[in-house]
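Student: missing the sequence, but the structure's below:
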Ligand code: BMA
């Protein structure tokens, strides 16, 4: 039995695992939960981040507009399923991640610069006024994901260095900072290992702290004759030295199988950007972008994921 270390979220969105379902992650039967119809000026709303906020939920959503600009907007929800999105642009860029550290909410995202993408960092207490920090690295990087607390006194940020295009490679690294301004002490975390992730890997939601490991959900990309296929995998990282991958599952936990994951602006994409984790029940709700078009929801528990990773471990470590 594993334990989640973190907040209790009694109103976490939830559906029980279907009878005799053989896999560790199952989809919400009302998917997709957010479509382009949630904002009149949206071409698509997808890879997005959510957190518990004042007993309800808040989020930052990736909107590709009808002029095909990539912007982030805030959104709010009572139940984590039905969302009201704000039409106001917070930042330019895409693929937001959110986490709470010491009562403040931090946003990291793929920020656009003339020289390529960097990891933008900003903080808020109310999702209305934001303070932007220095960029966390110089171009070119994506998939910047903060750990939800300081580790040995330092903020820790997962990143995925890349090129200016659709990047046919990619390993996960991490950086340390004492002040969210100066980032350094880079460490290699992991590279692709199995066929389903062979092109590149990138961190997904804010890592979930458990009693023994950091649970890192991530995306892995396969190149087929039809282009990229994005799936979700899971790895268990050392608590004190989170660049050490102690265990990782040899297969994906969620891949594009449903129509809304296979058909859209970019077909065959499951791109997890957020997870809500309830420390009391061990339940986890994962928010993921579907086919670069909509936001969908899936469920698991800390035991389902960790048991699966340990039973399908390809990391080659014993702890
Ligand atoms: C990546 C990012 C993601 C997107 C994915 C598939 O490079 O741009 O936002 O979901 O490609 O198009």
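Tutor: Here it is on my side, so go on. On a predicted model such as this, the values are computed, not experimentally measured, just so you know.

Student: residues in contact with the residue lying closest to residue 35 once chain neighbours are set aside?
Tutor: Distance criterion C-beta to C-beta, 6 or more residues apart in numbering; nearest residue to residue 35, sequence neighbours excluded, is residue 294 at 4.8 Å. Any C-beta I mention is one placed from the backbone N, CA and C, and that applies to glycine too. Going by C-beta atoms under 8 Å, 6 or more residues apart in numbering, residue 294 touches 32-36, 44-46, 260, 264.

Student: roughly how far apart are residue 294 and residue 263?
Tutor: Per C-beta to C-beta, to the nearest Å, residue 294 is found 10 Å from residue 263.

Student: also residue 172?
Tutor: In terms of C-beta to C-beta, residue 172 sits 29 Å off from residue 263.

Student: which of these two has more residues huddled nearby?
Tutor: Between residue 172 and residue 263, residue 172 has the larger neighbour count (other C-beta atoms under 10 Å), namely 25 against 13.

Student: count of neighbours near residue 82?
Tutor: Residue 82: 12 neighbours (other C-beta under 10 Å).

Student: ok, now which ones touch it?
Tutor: residue 33.

Student: in this structure, what residue lies closest to the ligand?
Tutor: With C-beta to the nearest ligand atom, the shortest gap between the chain and the ligand falls at residue 266, namely 3.8 Å.

Student: quick one: that residue is in a strand?
Tutor: No. Read with DSSP: H, G, I helix; E, B strand; the rest coil, residue 266 is coil and lies in no strand.

Student: wait, it sits on residue 292?
Tutor: Yes. Here residue 266 reaches residue 292: they are 3.8 Å apart, a contact under C-beta atoms under 8 Å.

Student: out of these two, which sits in the busier spot?
Tutor: The neighbour comparison of residue 266 against residue 292 (other C-beta under 10 Å) goes to residue 292, with 20 against 17.

Student: the more buried one: what's it in contact with?
Tutor: 44, 46-47, 64, 264-266, 269, 271.

Student: give the buried subset of these as a ChimeraX selection command.
Tutor: Of the contacts of residue 292, the buried ones can be selected in ChimeraX as follows, counting by 16 or more other C-beta atoms under 10 Å:
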select :44,46,47,64,264,266,269,271
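
Student: so which of the contacts of residue 292 is the closest to residue 94?
Tutor: Among these, residue 47 lies closest to residue 94 (C-beta to C-beta), at 6.7 Å.

Student: now for the closest one, which secondary structure element holds it?
Tutor: strand 42-53 (DSSP states H and E).

Student: could you do residue 22 as well?
Tutor: Short version: residue 22 belongs to no helix or strand, going by DSSP H and E.

Student: just to revisit the earlier point, can you lay out the contacts of residue 292 as a markdown table showing pLDDT?
Tutor: Below are those laid out as a markdown table (pLDDT from 0 to 100):
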| residue | pLDDT |
| --- | --- |
| 44 | 98 |
| 46 | 98 |
| 47 | 98 |
| 64 | 98 |
| 264 | 98 |
| 265 | 98 |
| 266 | 98 |
| 269 | 98 |
| 271 | 99 |
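
Student: per-residue pLDDT, residue 267?
Tutor: pLDDT, residue 267: 98.

Student: quick one, what contacts it?
Tutor: Neighbouring residues of residue 267 by C-beta under 8 Å, 6+ apart: 226-227, 256, 291.

Student: one more pass at 6 Å, please.
Tutor: Counting by C-beta atoms under 6 Å, 6 or more residues apart in numbering, residue 267 touches residue 291.
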